[in-house]
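*Asks:* With the sequence up front, the predicted model follows.
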Amino acid sequence: MSDDRLRMTPGPTEIPDDVRERMSEPTWNPDVEPEFVEFYRKLTDKLEAIYGGDDVAILGGEGILGLEAAVASLVDEGDRVLCLSNGIYGDGFADFVDLYGGEAETCKSPSTGPLDLEAIEETLADGAFDVATMVHCETPTGTLNDLEPVLDLLAEHDVLSIVDAVSSLGGAPVPTEQIDVCLGASQKCFSAPPGLTVLSVSDRAWERIEETETRSFYADLEPWRTAADEGWFPYTHLTSNLVALDAAIDRLLEEGLEAVFDRHEEAARVCRKRARELGLSLYPESDDLASPTVTALHVEGRAADLQQRVQAEHGIVLSTGLAHLEDDVLRVGHMGHNARVERVERTMDALEAVLE
Ligand SMILES: *Cc1c(COP(=O)(O)O)cnc(C)c1O
């Protein structure tokens with residue numbers, strides 16, 4: 001396939017040519033060639049630098065695998081799990097908890113606002129929870145949750161945290177030092193092809209994982225504790241995807257995390273400014289809640305039409321909303337390689353032309 005479309009979606013993101021080209025290189029047989037293990041270890045070391053400390057594992061599977069694996073591996077039959085939510089991904093954790101026999105209690109905040117700290121505090125005071133789940137960037141609404149005060153509360157109550165940072169890791173600072181299991185994926189801010197989940201695991205989370213009776217093989221995190229050291233993986237790893245991710249991570253580390261975060265902030269700022277100039281309202285309206293990686297625009301019933309016209313007339317691919325927001329929200333991803341002001345300007349010029 002060869003085309004010159006610009007894909008400004010909130011994942012999968014546009015993949016730089018050198019990352020894409022690395023996928024076509026010959027790679028090791030990961031089951032028999034020790035060079036693979038060496039390569040995997042080095043890649044997890046680089047990711048540990050991005051995560052800031054804890055052990056990192058890379059699983060073969062799209063980001064959703066990480067969400068499922070975290071719940072499957074930390075939640076035992078009857079465990080009480082507090083699911084904090086102000087959006088679709090936050091709600092979704094409760095389904096995984098049900099699936100693996102845990103008792104989910106969702107503490108729901110409106111999708112237009114922040115996580116409600118008071119409500120969280122009350123719920124925590126009401127009962128003992130083993131684990132809490134939450135989302136850093138709610139991609140469907142472009143909301144970045146301020147997790148530090150939430151994680152402080154969980155620490156006070158000795159509750160382990162699982163955080164979905166799939167659409168913020170590598171694009172915005174994530175308070176990883178307070179998080180037990182922090183989930184990311186290759187196809188969002190890393191701008192590598194879809195297919196890999198990355199996650200960090202704290203020591204106390206590993207202990208819990210070892211104690212938990214996991215009702216899954218593919219989604220069990222336990223073997224990943226020793227995989228790199230012992231050179232034994234529970235399945236054949238996705239070498240071509242890993243090689244591409246390695247190239248993407250090298251680009252990111254070369255540019256420097258601070259510079260990368262600034263680039264995201266700048267792209268988001270321009271996107272929101274241009275949207276307001278076009279008379280579009282933003283979701284969320286407050287800049288304090290806005291994610292630097294994705295902007296959600298309120299377009300009342302016109303999402304599919306605008307998306308199709310921007311793509312057909314300008315060759316730029318955008319996303320509509322998800323679930324109940326499908327018709328009313330149009331989303332511009334400015335994450336990873338696409339977090340560049342020129343690309344956002346080009347996108348908003350196209351949207352402006354279509355709106356006129
Ligand atoms: C993209 C994303 C995932 C991974 O799921 P998809 O199948 O790619 O939608 C998980 N969580 C969040 C917050 C995401 O943005």
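*Replies:* Received it, and whenever you're ready, just let me know what you need. Numbering: from 1, shown residues only.
*Asks:* Against which helices or strands is the helix or strand containing residue 253 packed?
*Replies:* According to DSSP states H and E, residue 253 maps onto helix 239-255. Here helix 239-255 touches helix 17-22, helix 34-51, strand 55-60, strand 196-201, going by 3 or more C-beta pairs under 8 Å, 6 or more residues apart in numbering; DSSP states H and E. From N, CA and C alone the C-beta is placed, and that goes for glycine too.
*Asks:* Export these as JSON lines, with columns for mean neighbour count, distance to the ligand and mean pLDDT.
*Replies:* Below are these laid out as JSON lines (neighbours: other C-beta atoms under 10 Å; distance: least, C-beta to the nearest ligand atom, whole Å; pLDDT from 0 to 100):
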{"stretch": "helix 17-22", "mean neighbour count": "16", "distance to the ligand": "18", "mean pLDDT": "96"}
{"stretch": "helix 34-51", "mean neighbour count": "17", "distance to the ligand": "17", "mean pLDDT": "96"}
{"stretch": "strand 55-60", "mean neighbour count": "22", "distance to the ligand": "13", "mean pLDDT": "97"}
{"stretch": "strand 196-201", "mean neighbour count": "27", "distance to the ligand": "9", "mean pLDDT": "98"}
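*Asks:* Which one, of those, ends up nearest to residue 80?
*Replies:* Residue 80 lies closest to strand 196-201 among those, at 20.8 Å (C-beta to C-beta).
*Asks:* Which is the succeeding secondary structure element to the closest one?
*Replies:* Counting by DSSP H and E, the next helix or strand C-terminal to strand 196-201 is helix 203-211.
*Asks:* Using CSV, write down the CA coordinates of that following helix.
*Replies:* The C-alpha coordinates for helix 203-211 follow below in CSV (Å, rounded to 0.1, in the frame of the first residue of the first chain):
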residue,chain,number,x,y,z
ASP,A,203,7.8,-5.3,43.5
ARG,A,204,4.6,-5.6,45.6
ALA,A,205,2.6,-6.1,42.4
TRP,A,206,4.9,-9.0,41.5
GLU,A,207,4.3,-10.5,44.9
ARG,A,208,0.6,-10.3,44.4
ILE,A,209,0.8,-11.7,40.9
GLU,A,210,2.6,-14.8,42.3
GLU,A,211,-0.1,-15.3,44.9
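*Asks:* Show residues contacting that helix.
*Replies:* 54, 55, 73, 74, 76, 160, 180, 181, 201, 221, 222, 225 (C-beta atoms under 8 Å, 6 or more residues apart in numbering).
*Asks:* What residues does the nearest residue to the fifth one once chain neighbours are set aside make contact with?
*Replies:* Meaning residue 76. Closest residue in space to residue 76, ignoring its immediate chain neighbours: residue 212 at 4.9 Å, by C-beta to C-beta, 6 or more residues apart in numbering. Residue 212 makes contact with 73, 74, 75, 76, according to C-beta under 8 Å, 6+ apart.
*Asks:* cutoff 7 Å now
*Replies:* By C-beta atoms under 7 Å, 6 or more residues apart in numbering, residue 212 lies in contact with 73, 74, 76.
*Asks:* Next: residue 147.
*Replies:* Residue 147 makes contacts with 134, 136, 163, 175, as judged by C-beta under 7 Å, 6+ apart.
*Asks:* what's the nearest residue to the last one if we skip its chain neighbours?
*Replies:* So the one you mean is residue 175. Sequence neighbours aside, residue 148 is the residue nearest to residue 175 in space, at 5.1 Å (criterion: C-beta to C-beta, 6+ apart).
*Asks:* and that neighbour, how many neighbours?
*Replies:* Using other C-beta atoms under 10 Å, residue 148 is surrounded by 10 other residues.
*Asks:* so it touches residue 173, yeah?
*Replies:* No - judged on C-beta atoms under 7 Å, residue 148 makes no contact with residue 173 at a distance of 10.3 Å.
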